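In: Have a look; sequence and predicted model below, questions after that.
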Amino acid sequence: MPKSDDNEQTIAARKRLKFILEDGRDILVDRSRVKDFPEWFDEELFKRGQKWYIDNLYTVFITNLIGLLLVLSIPTVCDVVVLTNKSNTPCKAYKRYFDTLRHSLNWYTYDIKDFKSESQKSISIVHGLHGSSSRLASKHGLGARVTQTDMSLSQFVFMGLILVRKKELSINCTDEDEIAIIHLWRTLGYFLGIQDRFNLCQGTSEEVRNLCQLVLSDVYAPYLKQPPRDFDVIARSLIDGFKPIIPIIDVEVMINLTNELCGLPNKKIVSWYNLWLYNVHKFIHNFLFTIPWLRSISLSVFNILLKFSLWLNSNFPIIAAIQLGQEIYDTEEPKPLIR
């Protein structure tokens with residue numbers, strides 16, 4: 001029900017969120033690959049969105065990491081992640097989510113209009129994985145999983161926090177950038193099987209921002225406050241799995257940063273090292289990124305370091321092998337976990 005102090009935009013956003021959560025939960029992600037572009041596609045706007053993501057790679061990485069923690073708090077998503085048995089250890093999580101990261105970088109880098117490009121190839125692979133996970137969940141009695149609702153909430157991972165937590169994370173994003181980001185993810189959502197009526201990025205920038213704010217406050221915050229039983233294991237595996245890529249993270253630190261963005265109380269950090277890491281993140285986002293010339297220099301440096309780390313992990317994953325074990329070289333697919 002709408003709250004008494006809601007304005008018209010918020011009421012409309014609540015109505016749309018209700019539609020996504022209720023009408024989309026029984027409709028599976030579209031399994032057939034679309035081969036044409038929607039009439040609303042704007043190539044110039046899409047390329048501007050791509051450029052923003054590459055220019056702000058470090059910020060995108062951190063917001064995506066927090067977004068992944070949020071989406072793992074959704075029981076239906078967590079169920080599928082547990083069932084596929086690809087993320088329950090740091091080594092498995094490293095392999096799974098590093099692939100996800102590489103796919104998203106392809107989406108931000110290559111020509112989406114060329115169906116033979118790395119961008120479209122990555123979209124095809126991810127779309128196929130979603131379909132496989134949906135069939136696997138159905139086979140093992142979990143019911144409808146990887147639905148339009150799941151996909152819409154997962155879409156938030158990649159763009160939601162950029163729109164609704166710009167101030168808290170000191171993200172440099174103009175109104176024109178927002179429009180481009182929204183268009184980019186409306187297009188990617190379309191190709192990944194999200195029907196336009198369930199696409200978070202359908203609408204004006206104000207409408208999308210209002211909707212994303214409600215997704216964060218009304219969906220993710222309550223789930224994060226009382227996460228599913230497997231959340232702690234999967235979240236720890238996720239963060240530990242990403243440490244070879246960016247070492248200044250820890251599950252305690254990232255959970256606290258996520259809680260703050262959701263308006264939830266922090267948990268006490270016991271380890272002095274983790275407390276130091278937490279303060280490093282605060283220093284970056286509350287100081288370095290708040291002063292334009294410092295942000296320009298520091299973000300450029302962080303982007304370069306992150307790109308080097310991604311290159312190193314793609315070609316010579318020595319640090320990952322030392323930290324996570326030789327299993328990172330295994331090519332055998334994990335068998336589904338049946339309870």
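Out: Good, I have the coordinates.
In: mind showing which ranges of the stretch 201-339 of the chain have poor pLDDT?
Out: Where the stretch 201-339 of the chain drops to pLDDT under 70, the residues are 332-339.
In: again, but for the stretch 51-200 of the chain
Out: With pLDDT under 70 as the threshold, the stretch 51-200 of the chain has low-confidence stretches at 131, 133-145.
In: what residues does stretch 97-117 touch?
Out: Residues outside stretch 97-117 that contact it (C-beta atoms under 8 Å, 6 or more residues apart in numbering): 35, 37, 43, 46, 50, 53-54, 61, 64, 68, 87, 118-123, 125-126, 158, 187-188, 191, 238, 241-242, 245, 310, 313-314. C-beta coordinates here come from the backbone N, C-alpha and C atoms, glycine included.
In: then it to CSV, C-alphas only?
Out: As requested, the backbone C-alpha atoms of stretch 97-117 are provided in CSV (Å, rounded to 0.1, in the frame of the first residue of the first chain):
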residue,chain,number,x,y,z
TYR,A,97,32.6,-14.2,-10.8
PHE,A,98,35.9,-13.4,-12.6
ASP,A,99,34.1,-14.8,-15.7
THR,A,100,31.1,-12.5,-14.9
LEU,A,101,33.5,-9.6,-14.6
ARG,A,102,35.1,-10.3,-17.9
HIS,A,103,31.8,-10.7,-19.6
SER,A,104,30.6,-7.3,-18.3
LEU,A,105,33.8,-5.7,-19.5
ASN,A,106,33.1,-7.1,-23.0
TRP,A,107,29.7,-5.4,-22.8
TYR,A,108,31.3,-2.1,-22.0
THR,A,109,34.1,-2.4,-24.6
TYR,A,110,33.0,-3.9,-27.9
ASP,A,111,30.4,-3.1,-30.6
ILE,A,112,27.1,-4.5,-29.5
LYS,A,113,25.7,-3.9,-33.0
ASP,A,114,28.1,-6.6,-34.4
PHE,A,115,26.6,-10.0,-33.5
LYS,A,116,30.0,-11.5,-34.0
SER,A,117,31.7,-9.2,-31.5
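In: Filter the contacts of stretch 97-117 down to the ones in helices?
Out: Among the contacts of stretch 97-117, the ones falling in helices (DSSP state H) are 43, 46, 50, 53-54, 61, 64, 68, 118-123, 125-126, 158, 187-188, 191, 238, 241-242, 310, 313-314.
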